[in-house]
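Trainee: Provided below for reference: sequence and predicted model.
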Amino acid sequence: MTIAGSVVGCTEKKISAQDGPIRVQIPSLSDKTYSMQEVELLTITDLSRLEGTAAQFFMEPTSQDGEIVGKAPAVRFMKSKEGVYVAMDALSLQLVTLYYQFERLMFLDQQIGVATVNIWPRKVAINARFSSEDGSLLQNNALYSSAVDTYLFVPFTSEDLPLMVNSGVIGHEHFHSIFNQIVMRPLGDRYPKSDLEDLYLPILLRGLNEGMADVWGWIFSKDSNFVGRSLPSEKLSRRLDFDVLSMPTRKELSSLIAHVPPEYEVSISYKLGNKLARSIYGLSKVMLNQPGMTEDKVRIEMGKALVLTLSELRTFLDQKKPEDVMAPAQILFWFYKSLSLTTTAECEYFQNMVKDPDLVTAFSCKK
Ligand SMILES: [Zn+2]
């Protein structure tokens with residue numbers, strides 16, 4: 001591409017998508033690898049500050065009275081002879097990519113019917129200084145904070161794919177906001193206070209949240225190995241395209257929780273979440289065998305089913321008596337019930353994965 005000499009700065013007329021789609025060059029996933037591609041931004045109202053209806057950025061943010069505060073970014077572009085905007089530095093490139101992905105997430109949420117559960121533009125904090133449990137500043141991570149309803153990207157120092165460019169990671173974090181809005185926020189004070197003595201439910205819920213977030217990350221990015229692209233140490237443990245033989249029963253999860261030291265509680269959640277994500281991803285392969293089924297149809301169908309599953313989960317937690325113990329595989333049952341396109345093959349795929357007797361019976365698969 002030829003780069004003409006025009007540099008886009010803050011002093012010029014605002015470049016807005018209201019005057020037509022803004023063509024930009026960004027790294028994007030295609031054919032299993034990330035490469036530079038030309039895409040169109042449709043919701044930007046001021047390109048030089050990356051303002052628009054999809055995302056609002058807070059640079060070097062701080063939190064004041066429960067609100068996130070920070071400067072708007074000042075991004076720099078050059079316009080090519082062909083009219084394509086090309087970011088002039090690495091941060092500008094990452095930010096415009098991130099904006100583009102939030103725009104696509106907004107359209108996906110609209111397609112799935114979940115766009116109104118969140119407030120748009122979504123708040124995104126860049127280079128957030130976030131202390132980890134040992135007091136050191138967190139690096140190479142992305143998180144969602146329900147307290148300030150904001151996605152936090154902490155400094156990324158690795159040579160691998162930056163998290164701000166990784167569409168699967170962005171989709172994963174976005175799911176946490178949907179989980180929060182549909183499940184946790186309506187429950188308010190009723191959770192987790194009632195369960196402080198018992199770690200079972202918090203560990204289970206965290207695992208389900210992480211697992212479904214990985215499914216959402218895949219639905220959004222079509223990438224079954226998105227975590228490993230940015231964090232190679234997690235490649236094997238987080239990829240979705242491995243078979244799962246079974247989900248742990250209530251008893252197995254309880255005894256695991258009772259026997260591991262507290263510092264492993266988070267890893268129990270992630271392992272459980274990964275089993276859930278792999279189970280659902282595996283089901284997508286079974287669904288693809290249905291006549292006329294395409295990967296895109298399966299992804300949207302699964303996104304809708306995940307949202308319905310969250311409502312089932314909230315209702316269960318809302319009405320739960322102290323003696324009710326939720327089996328991890330219960331989520332598979334709700335998910336299966338929420339799908340509109342299933343055959344005996346899908347039913348049996350999940351039935352073979354559950355071991356709690358009541359759930360095996362619940363999956364009454366037609367022969
Ligand atoms: Zn997560």
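Mentor: The structure has been received and is ready for your questions. Numbers count the residues shown, from 1 in each chain.
Trainee: which residues of this structure score low on pLDDT?
Mentor: Residues of the chain that meet the criterion pLDDT under 70 lie in 1-12, 192-197.
Trainee: 50 instead, please
Mentor: 194 (pLDDT under 50).
Trainee: Show me how the record splits it into domains.
Mentor: Here the domain parsing of the chain from automatic domain parsing is 1-165, 166-367.
Trainee: now those domains in JSON lines, with mean neighbour count?
Mentor: Glycine gets a C-beta too; all of them are placed from N, C-alpha and C. Formatted as JSON lines, the domains of the chain follow (neighbours: other C-beta atoms under 10 Å):
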{"stretch": "domain 1-165", "mean neighbour count": "17"}
{"stretch": "domain 166-367", "mean neighbour count": "18"}
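Trainee: The ion contacts on the stretch 101-250 of the chain?
Mentor: Glu210, Ala213 (C-beta under 5 Å from the ion).
Trainee: 6 Å instead?
Mentor: The stretch 101-250 of the chain comes close to the ion at residues His172, His176, Glu210, Ala213, as judged by C-beta under 6 Å from the ion.
Trainee: where's the closest residue in space to Asp89 that isn't next to it in sequence relative to the ion, distance?
Mentor: Closest residue to Asp89 apart from its sequence neighbours, by C-beta to C-beta, 6 or more residues apart in numbering: Arg76 at 6.1 Å. Distance of Arg76 to the ion, given as C-beta to the ion, to the nearest Å: 32 Å.
Trainee: Can you flag which of the residues of the stretch 101-250 of the chain next to the ion belong to helices?
Mentor: His172, His176, Glu210, Ala213 (DSSP state H).
Trainee: give me every residue that touches the first one.
Mentor: For His172, the contacting residues are Ala213, Asp214, Trp216, Gly217, Phe226, Val227, by C-beta atoms under 8 Å, 6 or more residues apart in numbering.
Trainee: what about 6 Å?
Mentor: Contact analysis of His172 by C-beta atoms under 6 Å, 6 or more residues apart in numbering lists Ala213, Gly217.
Trainee: again, but for the third one
Mentor: Taking C-beta under 6 Å, 6+ apart, we find Glu210 in contact with Tyr270, Gly273.
Trainee: need the strands for this protein, in chain order.
Mentor: 3-8, 22-30, 33-41, 44-46, 51-52, 55-64, 67-71, 77-80, 85-87, 122-126, 142-145, 150-153 (DSSP state E).
Trainee: okay if I get the ones you listed as CSV plus distance to Arg299?
Mentor: Putting the strands of the chain into CSV (distance: least, C-beta to C-beta, whole Å) gives the following:
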stretch, distance to Arg299
strand 3-8, 35
strand 22-30, 14
strand 33-41, 19
strand 44-46, 26
strand 51-52, 25
strand 55-64, 22
strand 67-71, 31
strand 77-80, 32
strand 85-87, 29
strand 122-126, 21
strand 142-145, 21
strand 150-153, 22
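Trainee: Nearest to Ser233 among these would be which one?
Mentor: Nearest to Ser233 among those is strand 142-145 (15.6 Å), distances taken as C-beta to C-beta.
Trainee: partners of the closest one, with directions?
Mentor: strand 150-153 (antiparallel) (DSSP bridges).
Trainee: Would you mind putting the CA coordinates of the strand it pairs with into PDB?
Mentor: Only the C-alpha atoms of strand 150-153 are listed here, as PDB (Å, rounded to 0.1, in the frame of the first residue of the first chain):
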ATOM      1  CA  THR A 150     -15.000  -1.700  32.800                       C
ATOM      2  CA  TYR A 151     -12.600  -3.900  31.000                       C
ATOM      3  CA  LEU A 152      -9.000  -3.500  32.200                       C
ATOM      4  CA  PHE A 153      -6.000  -4.100  30.000                       C
END
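Trainee: Give me the contact list for that strand.
Mentor: 68, 123-126, 128, 130, 142-145, 164, 173.
Trainee: Kindly report the same for stretch 260-273.
Mentor: Ile203, Arg206, Gly207, Glu210, Gly211, Leu256, Pro328.
Trainee: Give me the distance from it to the chain's centre.
Mentor: 20 Å (C-alpha atoms, centre = their mean, to the nearest Å).
Trainee: now do stretch 19-38
Mentor: 20 Å.
Trainee: How about stretch 132-147?
Mentor: With C-alpha atoms, centre = their mean, you get 16 Å for stretch 132-147.
Trainee: what distance separates the start and the end of that stretch?
Mentor: 16 Å (C-alpha to C-alpha, to the nearest Å).
Trainee: just the ones in helices among the residues of the stretch 101-250 of the chain next to the ion now: which is nearest Asp318?
Mentor: Closest to Asp318, out of all of these and judged by C-beta to C-beta, is His176, at 20.0 Å.
Trainee: Now do the contacts for that closest one.
Mentor: Taking C-beta under 6 Å, 6+ apart as the test, what His176 contacts is Tyr144, Ala213.
Trainee: Against Ser167, how distant is it?
Mentor: 16 Å (C-beta to C-beta, to the nearest Å).
Trainee: Smallest distance to the ion belongs to which residue of the stretch 251-367 of the chain?
Mentor: Relative to the ion, the nearest point of the stretch 251-367 of the chain is Gly273 (8.1 Å; C-beta to the ion).
Trainee: show me where the stretch 101-250 of the chain has helices.
Mentor: Taking DSSP state H, counting those that start in this stretch, the helices of the stretch 101-250 of the chain run over residues 167-179, 185-187, 200-221, 226-230, 235-238, 250-259.
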